[in-house]
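Undergrad: Sequence and computational prediction follow.
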Amino acid sequence: MKNFVYVLFGLLFGFVITKAEVISWFRIQSMFRFEEWHMYLVIGAAVAVGALSVQLLKRSGARSLTGEELDYKGKTFHKGFVYGGVIFGIGWAITGACPGPIFAQIGAGETPALATLAGALVGAYLYHANKSRLPH
Amino acid sequence: MEWLYEPWTWAVAGPLIGLFVPALLLTMNGKLGISSAFEHLCMMLIPTERHAMFSFNWKDNGWKVYFTVGIMLGAYIATRFFSSTEVAFLPEHYHSLGGVVTLFAGGMLVGFGTRYANGCTSGHSIFGLSILQSSSLKATLSFFAGGLLYTFLSSIL
């Protein structure tokens, strides 16, 4: 049952990002070339609504359906946020896909995106195999 | 209802994406994010004795593989049943052997980079910025620095 809910959330998310075309290589190119504002406005509007929701949840003291206090803990900064971030940004420009959209491109029938996913799994593996040697 | 079949404007899609932040928090205390699913998928593909190197956080991230399965289904439904025209998401030149090699190499940078940065556009740029985390702002600026740098260099070379 729980797993069905996770799939359902993913389905809605995949539907919205596909209709918004944020999974499109062409949109990503236009974003990095400053040819259109679409991507910036989608991300900006998402963050505005997300941040406003979080403030409302905090003030109302809402709890999750699981009964726990909501967990707003962020991630502790290390150098990898910058080094890894730049590496990911280059990959994003090449493939036209960040992680969620890789799966969406596959679902949308763009079979070459299977190569992007295979690369991403190898990349994640290589990070973990080498992380003790990387600056953090 | 015609708008449903056209590409959606940012003014509809952006806020809907933002609503996943409170929706996931309220239903399962979950933080929006995708890239840790790469680790989980790796663990499904390699022998168990090597799983320790991932130090995978099951409590926070165990649900994400189901989430990615849903993303594929949602994208399938959106393009198959809710699209008035056929939309290409990848350019023609990626539908070739060279294109697939390029995507694989680019995908490696996406997988390596997001795990090194401990998050991606959803985890840092949507969720992290929504909880006003400075570490996620630094990550987001780095994503754009990398993408802009590559795009600029590839246009002048």
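TA: Alright, I've got the coordinates.

Undergrad: quick one: buried residues of the worst-scoring helix or strand of chain B on mean pLDDT?
TA: Lowest mean confidence among the helices and strands of chain B (mean pLDDT, DSSP states H and E): helix B:58-61, at a mean of 88. The neighbour-count check on helix B:58-61 (16 or more other C-beta atoms under 10 Å in any protein chain shown) flags B:Asn61 as buried. Quick note: C-beta positions are derived from backbone N, CA and C, even for glycine.

Undergrad: all helices of chain A, in order?
TA: In chain A, the segments counted as helices under DSSP state H are A:2-19, A:25-32, A:38-60, A:80-95, A:99-107, A:113-130.

Undergrad: Pick the most deeply packed of those.
TA: Of all the helices of chain A, helix A:99-107 has the most neighbours on average by mean count of other C-beta atoms under 10 Å in any protein chain shown, namely a mean of 30.

Undergrad: Is chain B within reach of that one?
TA: Yes. Shown here: helix A:99-107 in contact with chain B (C-beta under 8 Å from any C-beta of the partner chain) through A:99-100, A:102-107.

Undergrad: For the helices of chain A, give me TSV that also has mean pLDDT.
TA: What follows is the helices of chain A, written out as TSV (pLDDT from 0 to 100):
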stretch	mean pLDDT
helix A:2-19	97
helix A:25-32	97
helix A:38-60	97
helix A:80-95	98
helix A:99-107	98
helix A:113-130	97
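
Undergrad: Look up the closest residue to B:Leu24, ignoring the ones flanking it.
TA: Nearest residue to B:Leu24 in three dimensions, chain neighbours excluded: B:Gly30, at 4.0 Å (C-beta to C-beta, 6 or more residues apart in numbering or on different chains).

Undergrad: residues contacting B:Leu24?
TA: Each residue near B:Leu24 by C-beta atoms under 8 Å, 6 or more residues apart in numbering or on different chains is listed here: A:9, B:30-32.

Undergrad: Give me the phi and psi for B:Ala75.
TA: Per-residue torsions, B:Ala75: phi -70, psi -40 (degrees, to the nearest 10).

Undergrad: That one reaches A:Gly107, doesn't it?
TA: Yes. Using C-beta atoms under 8 Å, B:Ala75 is in contact with A:Gly107, at 3.3 Å.

Undergrad: Now for those two: what residues contact both?
TA: Common neighbours of B:Ala75 and A:Gly107, using C-beta under 8 Å, 6+ apart, are A:14, A:18.
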